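Student: Next one to model:
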Amino acid sequence: QVRLVESGGGLVQAGGSLRLSCAASGDTFNPYAKGWFRQAPGKEREFVAAITWIGGQTVYADSVKGRFTISRNNGKNTMTLQMTALKPEDTAVYFCAATVGSVLQVGSRYEYWGQGTQVTVSS
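Tutor: You can find the predicted model right below:
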């Protein structure tokens, strides 16, 4: 069984920064990509960013492009999301996920999920 655990969430003022991490453990598997999704209260889960595990190609939601940076450390089997210039509308529970498939922006195509970490941005 693959386990993903997020860390790094918290409360920050608008304009501030946070760094989220996702650590993988458990059974060995070779994901094609890992990604970050978020879900705000009363809203559907939405794609934030993804990175291919071998090539390191990245894709971002338009709403975070230029503010968030996704990266990975294959040796440590970790993934991070550096978030800057945070806005109140970034407030959500952030989830990391992993997929063996190549569809990166659709949450239902990811096989493994973490439990989520809360990010709250105050105005």
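Student: does the residue nearest in space to the middle of the chain have beta-bridge partners, and which?
Tutor: The chain has residue 36 as the residue nearest its centroid, 2.2 Å off, counting by Cα atoms, centre = their mean. On the basis of DSSP bridges, residue 36 is bridged to residue 49, residue 96.
Student: Name all residues that make contact with it.
Tutor: Contacts for residue 36 (Cβ atoms under 8 Å, 6 or more residues apart in numbering) come out as 20, 22, 48-50, 70, 79, 81, 94-97. C-beta: built from backbone N, CA, C; applies to glycine.
Student: Out of these, which is nearest to residue 60?
Tutor: Among the contacts of residue 36, residue 49 lies closest to residue 60 (Cβ to Cβ), at 4.8 Å.
Student: The closest one contacts residue 61, correct?
Tutor: Yes. Using Cβ atoms under 8 Å, residue 49 makes contact with residue 61 at a distance of 6.8 Å.
Student: out of those two, which sits in the busier spot?
Tutor: Using other Cβ atoms under 10 Å, the more surrounded residue of residue 49 and residue 61 is residue 49, with 24 against 16.
Student: can you map out the strands along the protein?
Tutor: 2-7, 10-13, 18-26, 33-39, 46-52, 58-60, 68-73, 78-83, 92-99, 112-113, 117-122 (DSSP state E).
Student: Just the angle for the fourth one relative to strand 2-7, thanks.
Tutor: Put plainly, it is strand 33-39. Angle between the axes of strand 33-39 and strand 2-7 is 50 degrees (criterion: axes from the mean of the first three to the mean of the last three Cα atoms, to 10 degrees).
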